[in-house]
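[1] here you go, sequence then predicted model.
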Amino acid sequence: MADKPRILSGMRPTGPLHVGHLEGALENYLRLQDECDCFFMVADWHALTTGWVDVSGMRQNVLGMVADWLAVGLDPAKAVIFRQSKVLQHAELSTLLGMLTASWLRTNRTLQRKCAGMLGAGLVLILLGQLWNPWFPINKKLWTSSFVLFMGGCSLVLWAFFMWLTEIKGWRKGTGFWLVFGMNAIASYAVSDLLAAPLWAIHVSHMELGYWIYLHVFDPIHPPGLASLLYSIAFVLACWAPMFVLYRKKIFLKV
């Protein structure tokens, strides 16, 4: 097993599987379990990104999906099958990084030392993420531990840079746009989820609304990378608009 390529993949248990899952993913899983060192994840935490309002069917969806995997021929003797929420270290690592950073910022150290500390820690985390990547690949959709390390490092480096730029160098030009998000960070996160949910829950012409919008508005734009970027920017602006209203009315939601 050690000399085989390592593959990490998974699905969100949001409902019954269908032919699209078989042809789009499971047939590849069956081939890969014989060729690679495979880890197939039941991404139940990620299912909450669109199904957090009602989780009453989550357990049944998890059991049904694993049963379907076994029925098509996935073999636990050849590949590891696991449930995301049972690997607590994913969430614990994200929480610890956030708590440690907040504690560091609340100390009496100078801004220069705080920036230097975050920069150093960020570079170390990026290196650790890259070193861990060959064994547990960096994957955002599956929120792997290597992804947490790598992106936590990137976030710290960027945070240190912008803190140096705005707090030490006094650069304020162009920061108003981001201040709208920053003053209502929790509300911004909630709004992004609320806006994303109907994009994938509502169907237009037998396809998800989000995909329909992309296909008819952004897909004609070339190159494809630019089309995807513009789609993402449009979504960010849609989230920013209600936050701007709250900001102008001086409504700030805190915990």
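    Cool, got the structure.
[2] name the nearest residue to residue 26, ignoring sequence neighbours.
    By the measure of CB to CB, 6 or more residues apart in numbering, the closest residue to residue 26 outside its immediate chain neighbours is residue 72, 5.2 Å from it. (C-beta placed from N, C-alpha, C; glycine too.)
[3] near that neighbour, how many other residues are there?
    13 (other CB atoms under 10 Å).
[4] roughly how far apart are it and residue 46?
    According to CB to CB, to the nearest Å, residue 72 and residue 46 sit 22 Å apart.
[5] ok, now residue 225?
    Taking CB to CB, one finds residue 225 at 24 Å from residue 46.
[6] quick check: mean pLDDT of the host helix or strand of residue 101?
    Element membership of residue 101 [criterion: DSSP states H and E] is helix 89-105. Taken as a whole, helix 89-105 has a mean pLDDT of 78.
[7] what angle do the next helix-or-strand element following it and helix 89-105 make?
    Using DSSP H and E, the helix or strand that follows helix 89-105 in sequence is helix 111-132. Interaxial angle, helix 111-132 versus helix 89-105 (axes from the mean of the first three to the mean of the last three CA atoms, to 10 degrees): 160 degrees.
[8] return the set of buried residues in helix 111-132.
    Buried positions in helix 111-132, judged by neighbour count with 16 or more other CB atoms under 10 Å: 114-115, 117-119, 121-122, 125-126, 128-129, 132.
[9] what do you get for stretch 195-215?
    For stretch 195-215, the neighbour count (16+ other CB under 10 Å) marks 196, 199, 210, 212-214 as buried.
[10] now do it: distance to the chain's middle.
    Relative to its chain's centre, stretch 195-215 lies at 19 Å (CA atoms, centre = their mean, to the nearest Å).
[11] so residue 16: helix, strand or coil?
    Classification of residue 16 using DSSP: H, G, I helix; E, B strand; the rest coil returns coil.
[12] need phi/psi at it.
    For residue 16, the backbone dihedrals (degrees, to the nearest 10) come out as phi -60, psi 140.
[13] list the contacts of the residue nearest to it when sequence neighbours are not counted.
    In space, and not counting its chain neighbours, residue 16 is closest to residue 64: 6.4 Å by CB to CB, 6+ apart. Applying CB atoms under 8 Å, 6 or more residues apart in numbering to residue 64 gives the contacts 13, 16-17.
[14] picking up where we left off before, only alpha carbons, please: show the helix holding residue 101 as CSV.
    C-alpha atoms of helix 89-105 as CSV (Å, rounded to 0.1, in the frame of the first residue of the first chain):
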residue,chain,number,x,y,z
GLN,A,89,-9.2,16.8,14.8
HIS,A,90,-10.4,18.6,11.7
ALA,A,91,-12.7,21.0,13.7
GLU,A,92,-10.4,21.1,16.7
LEU,A,93,-7.4,22.2,14.7
SER,A,94,-9.4,25.0,13.0
THR,A,95,-10.8,26.1,16.4
LEU,A,96,-7.3,26.0,18.1
LEU,A,97,-5.7,28.1,15.4
GLY,A,98,-8.4,30.7,15.7
MET,A,99,-8.2,30.8,19.5
LEU,A,100,-4.4,31.0,19.6
THR,A,101,-4.4,33.8,17.1
ALA,A,102,-7.0,35.8,19.1
SER,A,103,-5.0,35.2,22.3
TRP,A,104,-1.8,36.4,20.6
LEU,A,105,-3.6,39.6,19.4
